[in-house]
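Q: Got a sequence here, can you model it:
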Amino acid sequence: MTRYIAVTGTDTGVGKTIVTAALAAALDAQDLDVVAVKPVQTGLKPGEPGDADDVARLSGVEVRELARLEPALAPETAARQEGVGLPTVDEHLEHIRALGSDVVIIEGAGGVLVRLDLEGGTIIDIARSLDAEVVVVTRETLGTLNHTGLTVDRLRDAGLDPVLVIGSAEANPSLEARSNHADLPRLTGCRLMGSIPADVGRLTPDSFRSAATTWL
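A: All right, here's what the predicted structure looks like:
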């Protein structure tokens, strides 16, 4: 039976791609067949390397990118800007279910309410349909308590029970960062699954994969 993990965030740029790569590497190290899926990638021309390529390079697992749009906008907005269609969430689900691997990790776009198709479908719909575990990637900086709390509340309203990962943790955290590491699980009631050090995307693939099991 396939295990599904949906990776979302409190915002864009919080480290979802690196967390996806770290999860993939850590699970791959357990001799599991892992596939990572990026339903929609925006902000790239055809052939340009993107999030899926970063996950593949760092983790070494198979990665599928299902749709790509050039404008660096939310997927629905980018599609309307270009006057093109997008696969529906149901079509994404059909593709994901057909993979048949031990673990499928699905990386969303932006936060939980970002629309992935032209029918209002979001990563929440994907997670609920797959009965997926949900990982929320968040920041350790000022403002994270509010953003994370709102995200967690919305996921719980949908019947999902997320865990948290800090997507980019500084080596010498400030007082606010140290406080947030303690306050995030306390105030949300979610388990803090781990922290990914800042700038680990610059590591060699071998170094990244060796360290991934220590971060999560």
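
Q: neighbours around Thr20, how many?
A: By the criterion of other C-beta atoms under 10 Å, Thr20 has 29 neighbours. In short, each C-beta sits where N, CA and C put it, glycine included.

Q: Which stretches in the protein count as strands?
A: Per DSSP state E, the chain has strands spanning 3-9, 34-38, 41-42, 62-65, 68-69, 103-111, 133-138, 163-169, 192-197. These are given in chain order.

Q: Pipe those into TSV and attach mean neighbour count and distance to Leu184 per row.
A: Rendered in TSV, the data for the strands of the chain read as follows (neighbours: other C-beta atoms under 10 Å; distance: least, C-beta to C-beta, whole Å):
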stretch	mean neighbour count	distance to Leu184
strand 3-9	24	14
strand 34-38	24	25
strand 41-42	21	28
strand 62-65	18	29
strand 68-69	20	32
strand 103-111	24	16
strand 133-138	25	7
strand 163-169	23	6
strand 192-197	19	6
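
Q: Tell me how far the spatially closest residue to Gly110 that is not a sequence neighbour lies from Leu66.
A: For Gly110, ignoring the flanking residues on the chain, the nearest one in space by C-beta to C-beta, 6 or more residues apart in numbering is Thr12 at 4.5 Å. Counting by C-beta to C-beta, to the nearest Å, the gap between Thr12 and Leu66 amounts to 19 Å.

Q: And Val104, by the same measure?
A: According to C-beta to C-beta, Val104 and Leu66 sit 12 Å apart.

Q: so what sits against both of these two?
A: Taking C-beta atoms under 8 Å, 6 or more residues apart in numbering as the contact rule, Val104 and Leu66 both touch Val37.

Q: Mind listing residues that contact stretch 61-69?
A: 24-25, 28, 34-44, 46, 50-53, 55-56, 75, 78-79, 82, 84, 86-87, 92, 95, 99, 101.

Q: Which of the residues you listed fall in helices?
A: Counting by DSSP state H, the part of these found in helices is 24-25, 28, 51-53, 55-56, 75, 78-79, 82, 92, 95.

Q: picking up where we left off before, if you count surrounding residues, which of Thr12 and Leu66 has more?
A: Here Thr12 and Leu66 are compared on neighbour count by other C-beta under 10 Å; more neighbours surround Leu66, at 18 against 12.

Q: closest one to Ala211 among the strands of the chain?
A: Distances from Ala211 to each of the strands of the chain were compared by C-beta to C-beta, and the smallest falls on strand 192-197, at 8.3 Å.

Q: Would you format the ones in helices among the contacts of stretch 61-69 as CSV with distance to Gly159 and neighbour count included?
A: Listed next are the ones in helices among the contacts of stretch 61-69 as CSV, based on distance: C-beta to C-beta, whole Å; neighbours: other C-beta atoms under 10 Å:
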residue, distance to Gly159, neighbour count
Ala24, 26, 29
Ala25, 29, 24
Asp28, 29, 19
Asp51, 27, 22
Ala52, 29, 21
Asp53, 33, 16
Val55, 27, 29
Ala56, 32, 19
Pro75, 24, 26
Ala78, 29, 22
Ala79, 28, 22
Glu82, 34, 13
His92, 20, 24
His95, 23, 14
